[in-house]
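A.B. asks: give me a model of this one.
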Amino acid sequence: MAKFEHQPNTGSLWPDNEVEVLRKGVIKIGEKEHFCSLLRFVAADGSEKYELAVSVAVINKNEEETKRSVNSPDFGGPFVLDGQKYKFGAWTKTAKNGTKYLSVGIEKREEPVPDDIPF
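C.D. replies: Predicted coordinates:
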C-alpha cells in the first residue's frame, strides 16, 4: 500500500483480513481501567506479530435512514484522549483500486475533561 500523508486530525482505516482478535478485556493501569484487545497479524515479511490495542471509545454506526444529511459520517461519536474531548467521524470511501476504506476526521472539542470519565 502506498504511503499517504494525512493532514492534522484526519486519517484512513483500511480492511485487514490478516488480523485476528485473540482476546478482549480490561487492563487496570495505575488507577484507571482500559478496555483492550490482543490482536494477531501477519507482518509484511510474513512473520506473525501481536499487538495490544487500547480502546478510546465505543463508536456508533450511523444507518442511512438515521443520518441528518447525505454528508453525515457513516460512523461517529465522542471520545476522550489524554483528558481532551474529541468528536470522531468516518465516511466509507472507495480507493482507485476498488478497495473500500474509512476516511476519518477528528474534531477537537474545547472543554477538556478528566481522564477518569468512562466512555
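A.B. asks: for the chain, just list every one of the strands.
C.D. replies: Secondary structure of the chain, counting by DSSP state E: strands at 10-13, 19-29, 32-42, 48-54, 60-61, 75-81, 84-94, 100-108.
A.B. asks: can you list the strands that the third one pairs with?
C.D. replies: Each strand that pairs with strand 32-42, with its direction, by DSSP bridges: strand 19-29 (antiparallel), strand 48-54 (antiparallel).
A.B. asks: surely Gly89 and Phe79 touch.
C.D. replies: No: applying CB atoms under 8 Å as the test, Gly89 and Phe79 come out as separate, 11.3 Å apart. Using the backbone N, CA and C atoms, a C-beta is placed for each residue, glycine as well.
A.B. asks: residues near the closest residue to Asn60 other than its chain neighbours, how many?
C.D. replies: Computed as CB to CB, 6 or more residues apart in numbering, the closest residue to Asn60 that is not its neighbour in sequence is Gly77, at 4.9 Å. Other residues near Gly77 come to 17 when the count uses other CB atoms under 10 Å.
A.B. asks: swap in Ala90?
C.D. replies: Quick note: Ala90 (other CB under 10 Å) scores 22 neighbours.
A.B. asks: great, nothing more from me.
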